[in-house]
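S.K.: Kindly generate the corresponding structure for this input.
(one chain, ligands or ions: 1)
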Amino acid sequence: MITDADLRILSVNHAFSQITGYAEDEVIGCTPEFLGAGVHDKHFFRRILGELEGSGRWQGDVWNRRKSGEVCPEWLSLSAVEGADSAVENYIWVFADVSDIKRTRTKLEYIAHHDPLTDLPNRLLFNTRLKHALDRAQRGVNQLAVLLLDLDRFKNINDSFGHPVGDLLLSMAAGRMQSCLRREDTMARIGGDEFAVLLEGIDDGKAAARVADKLIQALAPSFRLKGVETFITASIGIAVYPLDGQTSTKLMRNADAALFVAKGEGRNTFRYYRREMTADARERLTMEAALRRAIDNDEFEVWYQPQVNLNNGRFIGAEALVRWRDPARGLVPPNRFIPLAEETGLIIPLGERVLRMACAQAESWRAMGIYPGRISVNVAGPQIERGDIAATVQQVLAETLLPPPYLELEITEGFIMRSVEAALQTLERLKELGIWISIDDFGTGYSSLSYLKRLPVDQLKIDQGFVRGIPQDADAAAITTAVIALAQSMGYMVIAEGVESDEQRRFLLDEGCRYGQGFLYSKPLDSAAFEEWLNRYAKHYAR
Ligand SMILES: Nc1nc2c(ncn2[C@@H]2O[C@@H]3COP(=O)(O)O[C@H]4[C@@H](O)[C@H](n5cnc6c(=O)[nH]c(N)nc65)O[C@@H]4COP(=O)(O)O[C@H]3[C@H]2O)c(=O)[nH]1
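M.R.: Residues are numbered from 1 along each chain as shown. I've put the predicted structure just below:
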């Protein structure tokens, strides 16, 4: 389009008519104002004219209205053409219809800021909104809260039913949770099974607790997923501005620390951030770094606790128990580092090392003519869930030359119950290797009988929590008796741990439990002391 210096249209081309819908004779002599969509104010045009006067050029986005009434975005490039006396004679207007580009850009922007599965904002958009909300909160009197929410044991759903079912659950759960929120709240999916909620304009932290409670309740009814009925719970950590942090990074970090505590304290619950949590988290990080270094530096030892026949004291084997000899902390017991190793996945290399050390040690005793009995090694859930424990065991047995019947693996009942199908497959592969399998801490994991019958295990281990109470504590005694009867009826061996007194030994024997381990016989011993114990034992029984 060409106009004169007073912006009167002199000529337009064919493309102009195509974009605007006006024929040439309809526009000649008019000023381009009639094309405007009424979106821009008068300052906008003043700015354009100012720039034209100064530099003779202007470029930018404008909104025009077609003859049909439709508003369309255009990219306009405007240049002034000067005459011989340097006065502007004409303006040349070149514009392009950019509706398609704008549409694509809007779509791309949406994709970049949303999670395709649930259609919720993603982490990027959540962070932007949180930052804006903090700006607003700093100017006002209201507080705001960040809730971080994690679906408990979601991985098991994926493992047991497959990813399509897991995805369906995620989007259904997201829908239910979103229906508990106000329009002005933001809920985002910020990771696989992690969600974040931003509550703005709240009077106090209690409002956040009410929302957290609603979210937990919303998930409580069962989900029907492709014919499968499933339950899911969530843990939530809450951080409130300004008390728990003034920046988005700090609020997110502190909500995460609170989430961690909610998970540790039984899940399906929420926790507010407290200052000590950061100290705990820092301590955890220090401990994790120390643990990684300890694995690299081989700072672990395996100790052995004899297992015996309760009737005659005959030795049958030993439980291998890991100890960490830390240069700074001294000898660290497993309950101080195994939970962290499980959380961080470090249990996989650590567990493999313990297994290798125990098998190599047992084989070396055998080579020396010392009978080590069956060595039982603890296996933690993540070693089965995330590692290939059957392949590891096969490789370690091949490397160390220990015959499989000398090895027993102890797997906790709690883990098996958490993902029965996955555990079943692994246990079957392990059993095929010819090793023994026992269920540790039996009686604490609510096994259902139907599953128990299907498990390829040899032995149940009665948790020391029950043994401690017998015979005085009626509940502990009843459970112990029931576990022994159950094991017998299914043809499993049963062994008790934590046997400290002769009274306990007699009770167990009377009820039909023939094997045990505990301080009554021996504490766990380091390998040299256990070797001595084995030699003394062999001499005693040779007599
Ligand atoms: N009060 C009392 N306690 C007794 C008695 N007899 C044995 N104990 C202790 O009871 C624990 C038995 O092991 P656990 O239940 O498998 O419980 C183990 C096991 O769950 C875990 N653990 C130990 N070593 C490993 C390992 O190599 N891998 C994994 N994943 N876990 C391990 O750490 C837990 C604690 O191990 P420890 O501190 O060595 O504690 C051992 C043992 O020292 C007794 O008569 N009275």
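
S.K.: I'd guess residue 119 is in a strand, am I close?
M.R.: No - assigned with DSSP: H, G, I helix; E, B strand; the rest coil, residue 119 falls outside any strand and is coil.

S.K.: Now the phi/psi pair for it, please.
M.R.: Backbone torsions of residue 119, given as degrees, to the nearest 10, read phi 70, psi 10.

S.K.: and the gap between it and residue 496?
M.R.: 54 Å (Cβ to Cβ, to the nearest Å). For glycine as for every other residue, the C-beta is placed from the backbone atoms N, C-alpha and C.

S.K.: Looking at those two, which has the bigger crowd around it?
M.R.: For residue 119 versus residue 496, neighbours defined as other Cβ atoms under 10 Å are more numerous around residue 496 (31 against 13).

S.K.: For the ligand, see how far away the more buried one is.
M.R.: Remark: distance between residue 496 and the ligand (Cβ to the nearest ligand atom, to the nearest Å) = 10 Å.

S.K.: Helix or strand: which one has that residue?
M.R.: Per DSSP states H and E: residue 496 is located in strand 493-497.

S.K.: low pLDDT regions in this protein?
M.R.: Low-confidence segments of the chain, defined by pLDDT under 70: 419, 443-450, 542-543.

S.K.: how about the residues of it near the ligand?
M.R.: Contact residues (Cβ under 6 Å from any ligand atom) of the chain with the ligand: 305, 321-322, 333-335, 338, 347, 351, 354, 378, 380, 440, 464, 497-500, 517-519, 524.

S.K.: ChimeraX command to pick out the buried ones of these?
M.R.: Listed next is the ChimeraX selection for buried residues among those, using 16 or more other Cβ atoms under 10 Å:
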select :305,321,322,334,338,347,351,354,378,380,440,464,497,498,499,517,518,524
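
S.K.: Drop everything from the residues of the chain next to the ligand that is not in helices and list the rest.
M.R.: 338, 347, 351, 354, 464 (DSSP state H).

S.K.: Relative to residue 317, how far out is the residue in the stretch 151-300 of the chain positioned nearest to the ligand?
M.R.: Residue nearest to the ligand within the stretch 151-300 of the chain: residue 300 (8.4 Å; Cβ to the nearest ligand atom). Separation of residue 300 from residue 317 (Cβ to Cβ) stands at 21 Å.

S.K.: Also residue 458?
M.R.: Distance, residue 458 to residue 317, using Cβ to Cβ: 12 Å.

S.K.: Between those two, tell me which one has more neighbours.
M.R.: More crowded of residue 458 and residue 317, by other Cβ under 10 Å: residue 317, with 24 against 15.

S.K.: what sits opposite the more buried one in the beta ladder?
M.R.: Following DSSP bridges, residue 317 is listed with bridge partners residue 307, residue 374.

S.K.: show me the residues around it that make contact.
M.R.: 306, 307, 372, 373, 374, 375, 376, 408 (Cβ atoms under 8 Å, 6 or more residues apart in numbering).

S.K.: hmm, try it at 6 Å
M.R.: Contact analysis of residue 317 by Cβ atoms under 6 Å, 6 or more residues apart in numbering lists 307, 373, 374.

S.K.: Same question for residue 65.
M.R.: Neighbours of residue 65 in contact, by Cβ under 6 Å, 6+ apart: 37, 71.

S.K.: I'd like to know how far the residue of the stretch 1-150 of the chain found nearest the ligand sits from residue 214.
M.R.: Proximity of the stretch 1-150 of the chain to the ligand (Cβ to the nearest ligand atom) peaks at residue 150, 23.5 Å away. The gap separating residue 150 from residue 214 is 17 Å, by Cβ to Cβ.

S.K.: So the two - more neighbours on which side?
M.R.: residue 150 (21 against 13).

S.K.: where does that one land in three-state SS?
M.R.: The local conformation at residue 150, judged by three-state DSSP, is strand.

S.K.: wait, doesn't it sit right on residue 194?
M.R.: Yes - if you go by Cβ atoms under 6 Å, residue 150 and residue 194 touch, sitting 5.3 Å apart.

S.K.: Which stretches in the stretch 51-200 of the chain count as strands?
M.R.: 57-65, 71-82, 88-97, 143-151, 186-189, 194-202 (DSSP state E, counting those that start in this stretch).

S.K.: Now render these as CSV, adding distance to residue 487.
M.R.: Below are the strands of the stretch 51-200 of the chain laid out as CSV (distance: least, Cβ to Cβ, whole Å):
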stretch, distance to residue 487
strand 57-65, 77
strand 71-82, 76
strand 88-97, 79
strand 143-151, 35
strand 186-189, 45
strand 194-202, 41
